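>>> Coordinates for the following, if possible.
(one chain, ligands or ions: 1)
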Amino acid sequence: MTAPTDDVWTGGIADDISRTILSAEEIAKRTAELGARITADYRGRDLLVVGVLSGSFLFIADLVRQVNLPLALDFISVSSYGDRTRSSGVVRMLKDLNQSIAGRDVLLVEDIIDTGLTLSYLIDNLRTRQPASLEVATLLDKTEARVSKIDTRYVGFECPNEFVVGYGLDYQGRYRNLPYIGVLKPSVYATEDA
Ligand code: 5GP
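Okay, here's the model as predicted:
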């Protein structure tokens, strides 16, 4: 399947984007590089990829298709309390894993790490279940906003300290289906606040 190019999506939701941060092509290229590294690192091991819903759904779908191993897949969903664009670190489990991770090589896949508070909670929670190993892959890393230190084995891109949407990332539940990552026009927030 070919990734949709940015210019296919003029009009509609693309009209709400002020600036592209990462194009669909850049994301696809980097995802293939990460997939090749993961394939090499996990060969001969019992890899369980755990996707953190909902934001990582597109990244996981593309990433696992670049990993040439018989991996298993599961999903976890948490909600972090906070205001609309900032997490508080108080996390509620919405959907737990369907299987045991004891003794398995777990790769946690996130869309974006901002303060790191959500992921810290998840890592602490999953460690108590005694996986053989636990590593983190994230598409985007906002290192500037980090409060809680996270060891991230696989990073797609450094992300500027701005609120981004697209490729799985939402604003108020919308824009996840944008095929690339961008910044919303201020008028979108103004409409919401009105
Ligand atoms: P953290 O706990 O690391 O501060 O926040 C992680 C979660 O906050 C992410 O999984 C994501 O849901 C949300 N988040 C952080 N930064 C952004 C952003 O720039 N855009 C969007 N759409 N969500 C973000």
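
>>> Spell out which parts of the protein neighbour the ligand.
By the rule Cβ under 6 Å from any ligand atom, the part of the chain lying against the ligand is 55, 80, 87, 110-119, 163-165, 169-171. The way it works is simple: take the backbone N, C-alpha and C, and place the C-beta from them, glycine included.

>>> Looking at the residue most central in space within the chain now. What's its pLDDT?
Taking Cα atoms, centre = their mean, the centroid of the chain lies closest to Asp111, which sits 1.0 Å from it. Note on Asp111: pLDDT of 96.

>>> Now, the residues of the chain next to the ligand that are in strands?
Members of the residues of the chain next to the ligand lying in strands (criterion: DSSP state E): Ser80, Ser87, Glu110, Asp111, Ile112, Ile113, Val164, Val165.

>>> residues in contact with the last one?
Taking Cβ atoms under 8 Å, 6 or more residues apart in numbering as the contact definition, Val165 lies against Ile17, Tyr171, Arg174, Tyr175, Arg176, Leu178, Ile181, Gly182, Val183, Leu184.

>>> Mind picking the one among the residues you listed that's closest to the ligand?
For these, the minimum distance to the ligand (Cβ to the nearest ligand atom) is 5.9 Å, reached by Tyr171.
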